[in-house]
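> what's the 3D shape of this:
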Amino acid sequence: MNRYDAQKTPATFHVKSFGCQMNVYDGERMAEMLGERGMTAAAEGVEADLVILNTCHIREKAVDKVYSDIGRMIREDGSRPMIAVAGCVAQAEGGEIQRRARNVDIVVGPQAYHRLPDLIDQARRGEQAVDTDMPLASKFGALPARTKQARPTAFLTIMEGCDKFCTYCVVPYTRGAEISRSWSAILDEAKALVDGGVREITLLGQNVNAWTGEDDKGRAQGMDGLVRELARIDALKRIRYTTSHPNDMSDGLIAAHGDEPKLMPFLHLPVQSGNDRVLKAMNRSHSADSYLRIIDRVRAARPDIALSGDFIVGFPGETEAEFEDTLRIVEQVRYAQCYSFKYSSRPGTPAADMDGQIAAEVMDERLARLQALINRHQVEFNAATVGRRTDILLERKGRHPGQLIGKTPWLQSVHVTAPELSIGDMAEVDIISAGPNSLAGQPSRRKAA
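Purely as a prediction, here's the structure:
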């Protein structure tokens with residue numbers, strides 16, 4: 001068996017995160033925690049002493065990919081880095097990972113990664129380093145304060161877990177029950193991010209709009225109250241959130257989209273299917289009609305809002321007519337962008353044992369039709385932006401000299417050539433052309449924030 005040199009204390013690390021934005025957030029927090037321990041992130045292209053695979057378990061091939069990545073870490077001379085498997089695959093597989101891949105030193109679930117420094121020490125001593133506990137106590141209190149960010153946008157997890165138990169989904173089993181972080185902890189982290197240069201924060205949760213808590217005066221609050229309080233941070237220019245559930249789209253949150261300027265006009269609200277029988281089989285607690293009524297209310301509050309969603313095609317038992325109901329709801333809503341997937345059977349979920357599993361070639365054909373419709377609407381939405389004057393937050397450099405890339409309020413990427421501007425500036429631009437995935441803009445009046 002190839003082993004990590006246990007006599008060597010890891011000095012450098014690399015975190016490789018897969019999947020959702022919450023994994024990206026978790027990966028950043030692990031990096032900050034290891035940095036506080038005195039370790040440094042390995043430069044790009046340089047082998048690290050410790051490699052953390054921060055895994056996602058949503059797709060069918062996720063587990064196979066983890067083992068493939070582990071195998072590629074063995075160097076030509078037979079040596080390897082210390083290997084940690086974190087995230088949802090770690091939670092689902094537990095100690096089985098080390099039985100299948102004896103090169104793995106550490107297995108840590110998404111609710112236990114605050115114990116990573118202790119697990120590193122255990123691994124160096126040759127002890128079994130596995131922690132997939134889901135303690136009631138929040139891990140967030142054990143994490144270090146946020147450090148200065150290298151970019152003007154940041155994710156901020158405000159709640160974790162899920163109580164919805166959709167029949168296709170592993171999240172309740174890998175992330176646990178819904179737990180909301182405290183009002184004060186969220187505000188403290190947001191202020192630390194803003195003090196470190198962040199101008200846009202995206203609030204995260206498996207069902208982010210299910211967040212509840214009490215403010216500093218003991219008053220009950222939903223996510224709308226939290227958004228309004230965050231908006232009082234002067235240097236914070238933009239607020240977004242994902243992923244939301246239709247049943248948690250409260251009157252207050254809908255109203256906030258209409259009257260809080262810092263809450264961006266973009267809503268990711270997954271429906272998954274346009275057919276009520278399929279929705280019931282998925283254990284989605286909304287109907288196609290109730291979903292559309294929520295969309296109507298959101299648009300009444302904020303007429304220019306851009307909508308995004310998730311769709312699963314080929315759920316067990318889905319007929320051609322039921323799939324066509326999904327096409328109809330896409331046609332009615334006309335999403336600015338969407339995520340769409342073939343149904344992927346996850347072991348241990350109720351849907352995995354349902355009758356009527358759909359043939360792969362049928363799912364392929366349905367997905368192609370759905371994505372063609374979604375893409376057409378996305379192109380139309382982007383084209384309708386041409387001629388509009390809007391602010392973009394400049395986030396990163398483009399491929400060409402003097403080119404910067406930013407996002408519109410509607411989450412569209414915009415390329416602009418403006419060598420006098422900097423990453424982190426808010427720039428007023430005129431949109432001059434549109435492609436399927438991005439826009440081109442030119443500065444109008446220029447202002448920096």
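> the lowest-mean-pLDDT helix or strand in the chain - contacts with which helices or strands?
Least confident element among the helices and strands of the chain, by mean pLDDT, DSSP states H and E: helix 62-71 (a mean of 81). Other helices and strands packing on helix 62-71, by 3 or more Cβ pairs under 8 Å, 6 or more residues apart in numbering; DSSP states H and E, are strand 50-55, strand 82-87, helix 88-93. For every residue, glycine as well, the C-beta is placed using N, CA and C.
> what's the angle between the second one and strand 50-55?
It refers to strand 82-87. Inter-element angle recorded for strand 82-87 and strand 50-55: 20 degrees (by axes from the mean of the first three to the mean of the last three Cα atoms, to 10 degrees).
> what lines up beside strand 82-87 in the sheet?
Using DSSP bridges, strand 82-87 pairs in its sheet with strand 50-55 (parallel), strand 106-108 (parallel).
> could you dump these to JSON lines with mean pLDDT, mean neighbour count and distance to Cys169?
Formatted as JSON lines, the strands paired with strand 82-87 follow (pLDDT from 0 to 100; neighbours: other Cβ atoms under 10 Å; distance: least, Cβ to Cβ, whole Å):
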{"stretch": "strand 50-55", "mean pLDDT": "93", "mean neighbour count": "25", "distance to Cys169": "16"}
{"stretch": "strand 106-108", "mean pLDDT": "94", "mean neighbour count": "26", "distance to Cys169": "22"}
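> want to throw the ones you listed into JSON lines with distance to His415?
Below are the strands paired with strand 82-87 laid out as JSON lines (distance: least, Cβ to Cβ, whole Å):
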{"stretch": "strand 50-55", "distance to His415": "30"}
{"stretch": "strand 106-108", "distance to His415": "39"}
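> so for Asp364, which of the ones you listed sits nearest?
strand 50-55 (25.8 Å; Cβ to Cβ).
> who's in contact with that closest one?
Here strand 50-55 makes contact (Cβ atoms under 8 Å, 6 or more residues apart in numbering) with 10, 12-19, 23, 26-27, 30, 34, 39, 62, 66, 69-70, 73, 81-90, 116, 120.
> for ChimeraX, what selects the buried ones among those residues?
Of these, the buried ones can be selected in ChimeraX as follows, counting by 16 or more other Cβ atoms under 10 Å:
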select :10,12,13,14,15,17,18,19,23,26,27,30,34,39,62,66,69,70,73,81,82,83,84,85,86,87,88,89,90,116,120
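> what distance do you get for the closest residue to Arg175 other than its chain neighbours to Leu393?
Leaving out its chain neighbours, the residue that sits closest to Arg175 by Cβ to Cβ, 6 or more residues apart in numbering is Gly161, at 4.8 Å. According to Cβ to Cβ, to the nearest Å, Gly161 and Leu393 sit 30 Å apart.
> go on, Asp188?
Distance of Asp188 to Leu393, given as Cβ to Cβ: 23 Å.
> what about the two, which has more around it?
Ranked by neighbour count (other Cβ atoms under 10 Å), Asp188 and Leu393 place Leu393 first, with 22 against 13.
> packing partners of the host helix or strand of the more buried one?
Using DSSP states H and E, Leu393 sits in strand 389-397. When contacts are defined as 3+ Cβ pairs under 8 Å, 6+ apart, strand 389-397 packs onto strand 403-407, strand 413-417, strand 426-434.
> so which of these gets nearest Met134?
Smallest distance to Met134 across the helices and strands packed on strand 389-397 (Cβ to Cβ): 34.6 Å, for strand 403-407.
> as a whole number, average confidence for the strand or helix carrying Leu116?
Using DSSP H and E, Leu116 maps to helix 116-124. The average pLDDT for helix 116-124 rounds to 92.
> what mean pLDDT does whichever helix or strand comes after that helix get?
Moving toward the C-terminus from helix 116-124, the first helix or strand encountered (DSSP H and E) is strand 129-131. For strand 129-131, mean pLDDT rounds to 91.
> again with stretch 405-422
95.
> can I get it in PDB, CA atoms only?
Output of stretch 405-422 as PDB, limited to C-alpha atoms (Å, rounded to 0.1, in the frame of the first residue of the first chain):
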ATOM      1  CA  ILE A 405     -16.000  40.400 -16.600                       C
ATOM      2  CA  GLY A 406     -18.900  41.200 -14.300                       C
ATOM      3  CA  LYS A 407     -22.500  40.200 -13.600                       C
ATOM      4  CA  THR A 408     -25.700  42.100 -14.300                       C
ATOM      5  CA  PRO A 409     -28.400  42.200 -11.600                       C
ATOM      6  CA  TRP A 410     -30.000  39.300 -13.600                       C
ATOM      7  CA  LEU A 411     -26.800  37.100 -13.200                       C
ATOM      8  CA  GLN A 412     -25.700  37.500 -16.800                       C
ATOM      9  CA  SER A 413     -21.900  37.600 -17.500                       C
ATOM     10  CA  VAL A 414     -20.800  40.800 -19.200                       C
ATOM     11  CA  HIS A 415     -17.500  41.300 -21.000                       C
ATOM     12  CA  VAL A 416     -16.300  44.900 -21.000                       C
ATOM     13  CA  THR A 417     -13.000  46.500 -22.000                       C
ATOM     14  CA  ALA A 418     -12.200  49.200 -19.500                       C
ATOM     15  CA  PRO A 419      -8.500  49.200 -18.400                       C
ATOM     16  CA  GLU A 420      -9.100  52.100 -16.100                       C
ATOM     17  CA  LEU A 421     -11.600  50.100 -14.000                       C
ATOM     18  CA  SER A 422     -10.700  47.400 -11.400                       C
END
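> contacts for it next, please.
Stretch 405-422 is contacted by residues 200, 238, 240, 264-266, 304, 306, 308, 336-337, 381-382, 385, 390-398, 400-404, 427, 429, 431, 437-443, 446, 448 when judged by Cβ under 8 Å, 6+ apart.
> thank you kindly, that will do.
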